[in-house]
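Q: need a structure here:
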Amino acid sequence: MAIAVFKDLCLDATDPSAAGQFWAKVLNLTWEPDDAGEGRLVGPTPRHTIWVNKVPEPKTVKHRVHFDIYATSLADLIALGSSILLPKANGRTWTVMKDPEDGEYCAFLRTEAALPGDRLHGITVDSEDPAAQASWWAEVFGAKVVHHNGWSDVADVPGMPIGTMAFNKVPEPKTVKNRVHWDVTVSEVQPLVDAGARVLRPPGDDRRWHVLADPEGNEFCAFVNE
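A: Predicted coordinates for the structure are as follows:
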C-alpha cells in the first residue's frame, strides 16, 4: 500500500522568472509568475505543475536531481540559452545539457512526429545505493522497481505524469541542498518517518508542509491531506 502520492515538482533558481520562461518553452508548459517574483509552470493536470522558487545561492555543484527531456533540436535548446556539456558518445543516446543557470539536464532527441505531448521524460537522482533508494521510493509510492546494471528505475508511479524516476549510481555523497525536488501528499507524516525519512522542518509560519529527507538525504515536501 502506498504511503504517499506524487504531487508536483519544484525547482530552485536565482532568477525564477528567467528560469520559468526557459522551462516553459522547453517543456511546452505555461509560465504563471506571481507577485513575489516566483511562479509555477502549469500543464494539463495539477501534477504537471513545476514550482520555481527563488533562492539566494547560485548553483555550486552538479545537480543531484535532474530533468530528462524530449526535444527535436539541440539548436533550439541552445537558442533558448542552453549549452552542450557532454555530446552523445560511447553508446549514450542522450546529450547532457546545461540550462541558463548551469543546471544539468539530459536531452533525448525525437522527430516532430514522435515527440510526446509530455516533454518531461523523467527525473534522475544521483545515488550512492540506487537499488536501495529506488526500492525505498517504490514502497513509498506503491510502485514497481526495476533494477539494471548501475541504476534502478521506479516504474508506474500512480498519478505521476513522468515516464521514469531513475536512480543512478555515483561515487560522491550528497553535500548541498538539491535544487530540484518533488512534493507528495500523505494522510499523515509518521508512516514516512517510520519507513526511514527524517523531518528537516515541520510546518510553521506560513509553511503548511513538512520538509523531509529520504534515506540518502534528498529533500522532499509532504502535504497532509485535509
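
Q: contacting residues for Tyr105?
A: Residues in contact with Tyr105 (CB atoms under 8 Å, 6 or more residues apart in numbering) are 63, 66-69, 96-99. Placement of C-beta: from N, CA and C, glycine included.

Q: Among those residues, which ones are in strands?
A: 66-69, 96-98 (DSSP state E).

Q: Make CSV out of the contacts of Tyr105 and add distance to Gln21.
A: Below are those laid out as CSV (distance: CB to CB, whole Å):
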residue, distance to Gln21
His63, 20
His66, 19
Phe67, 16
Asp68, 21
Ile69, 16
Val96, 22
Met97, 17
Lys98, 17
Asp99, 11
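
Q: For my notes, please list those residues in a markdown table and give neighbour count and distance to Val224 for each entry.
A: Output for the contacts of Tyr105, formatted as a markdown table (neighbours: other CB atoms under 10 Å; distance: CB to CB, whole Å):
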| residue | neighbour count | distance to Val224 |
| --- | --- | --- |
| His63 | 19 | 29 |
| His66 | 23 | 28 |
| Phe67 | 26 | 27 |
| Asp68 | 18 | 30 |
| Ile69 | 21 | 31 |
| Val96 | 15 | 37 |
| Met97 | 24 | 37 |
| Lys98 | 18 | 36 |
| Asp99 | 24 | 32 |
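
Q: Adding distance to Leu29 and pLDDT as columns, could you present those in a markdown table?
A: Converted to a markdown table, these look like this (distance: CB to CB, whole Å; pLDDT from 0 to 100):
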| residue | distance to Leu29 | pLDDT |
| --- | --- | --- |
| His63 | 19 | 97 |
| His66 | 17 | 98 |
| Phe67 | 12 | 98 |
| Asp68 | 16 | 98 |
| Ile69 | 11 | 98 |
| Val96 | 22 | 97 |
| Met97 | 18 | 98 |
| Lys98 | 20 | 98 |
| Asp99 | 14 | 98 |
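
Q: Relative to Lys144, which of those residues is nearest.
A: Lys144 lies nearest to Asp68 out of the contacts of Tyr105, by CB to CB, at 18.7 Å.

Q: Columns distance to Ser82 on top of the ones in strands among the contacts of Tyr105, output as TSV?
A: Output for these, formatted as TSV (distance: CB to CB, whole Å):
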residue	distance to Ser82
His66	13
Phe67	12
Asp68	14
Ile69	10
Val96	11
Met97	5
Lys98	6
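
Q: Report the two of those residues separated the most.
A: Pairwise over these, using CB to CB, the maximum falls at Asp68 and Lys98, 14.3 Å.

Q: on that earlier part again, any idea which of the contacts of Tyr105 is closest to Asn225?
A: Among those, Phe67 lies closest to Asn225 (CB to CB), at 27.3 Å.

Q: Ser17: what secondary structure?
A: Ser17 falls in the helix class when you classify it by DSSP: H, G, I helix; E, B strand; the rest coil.

Q: That one reaches Ala36, doesn't it?
A: No - assessed by CB atoms under 8 Å, Ser17 is found out of contact with Ala36, at 10.8 Å.

Q: More neighbours: those two, which one.
A: Legend: neighbour count by other CB atoms under 10 Å for Ser17 and Ala36, higher for Ser17 (15 against 9).

Q: ok, and the closest non-adjacent residue to that one?
A: Take Ser17 and drop its neighbours on the chain: the residue closest to it by CB to CB, 6 or more residues apart in numbering is Pro33, 6.0 Å away.
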